[in-house]
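In: Would you be able to build a 3D model of this:
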Amino acid sequence: MEPTILREATAADIPAMLDFIYEHGTNHWNFLPKDDVAAHFAAIDGGKTQALIAETNGALSGFVTYMSARSMARYQSRERIGYPHGYVCEAVVHRDLAGKGLGSRLLREAVQRLAAQGLKEIYIERHEENLPSAGMMRKAGFVEIHTVDDPERRASGSRRTTVCRLIVE
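Out: Reported below is the predicted structural model:
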């Protein structure tokens, strides 16, 4: 098996990424409304959404999308209020590669890239009961900071979202 390479996604990658997320990212924990996901991925073309693709043996094996944001300001530390922060939007790995560290590797690389942009706090969310995502986030250095009722986005289980943060030193 060839090593997995990471590279920046381009507009040409968007159709494959959309197919991939619905094939490998759909489960009862994830909230993936088609119009919102399509708009998020379309923003790769203009640079608002940034993305890293993992390729193994020349095939898409995972990706992560991320951006500079202000949407999590209510969770920011006192000294960072008013500054933009990083937000990791989607992280998905091929089902056959789940649990082998690729998701954590993608997250760590996204964190490095956001930090290089001067962003000191980086956030990510997941369904409270999504243990595989929790493990991936923990391995990448994220810490749970808040859990909130979220029945509009979470149709199963506890119906709660957990917010995680990583502070870049």
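In: where along the protein do the strands fall?
Out: 5-8, 50-56, 59-69, 85-93, 121-127, 143-149, 160-167 (DSSP state E).
In: Can you lay out the ones you listed as TSV showing mean pLDDT, mean neighbour count and distance to Asn30?
Out: In this view, the C-beta of every residue, glycine as well, is placed from N, C-alpha and C. Compiled in TSV, the strands of the chain are given as follows (pLDDT from 0 to 100; neighbours: other CB atoms under 10 Å; distance: least, CB to CB, whole Å):
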stretch	mean pLDDT	mean neighbour count	distance to Asn30
strand 5-8	97	13	22
strand 50-56	97	20	17
strand 59-69	97	22	13
strand 85-93	96	23	9
strand 121-127	96	23	7
strand 143-149	97	12	17
strand 160-167	97	19	11
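In: Need the residue closest to the centroid of the chain.
Out: Taking CA atoms, centre = their mean, the centroid of the chain lies closest to Glu90, which sits 3.3 Å from it.
In: Grab the nearest non-local neighbour of it.
Out: Closest residue to Glu90 in three dimensions, ignoring its sequence neighbours and counting by CB to CB, 6 or more residues apart in numbering: Thr65, at 4.6 Å.
In: how much space between the one you found and Arg80?
Out: Using CB to CB, to the nearest Å, one gets 22 Å for the distance from Thr65 to Arg80.
In: any chance of the strands of the chain in JSON lines, plus distance to Ile21?
Out: Below are these laid out as JSON lines (distance: least, CB to CB, whole Å):
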{"stretch": "strand 5-8", "distance to Ile21": "17"}
{"stretch": "strand 50-56", "distance to Ile21": "11"}
{"stretch": "strand 59-69", "distance to Ile21": "8"}
{"stretch": "strand 85-93", "distance to Ile21": "5"}
{"stretch": "strand 121-127", "distance to Ile21": "15"}
{"stretch": "strand 143-149", "distance to Ile21": "24"}
{"stretch": "strand 160-167", "distance to Ile21": "18"}
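In: Asp36 is nearest to which of these?
Out: Taking CB to CB as the measure, these were each checked against Asp36, and strand 85-93 came out nearest at 10.2 Å.
In: The closest one: partners in the sheet, and parallel or antiparallel?
Out: Based on DSSP bridges, the strands next to strand 85-93 in the sheet, each with its direction, are strand 59-69 (antiparallel), strand 121-127 (parallel).
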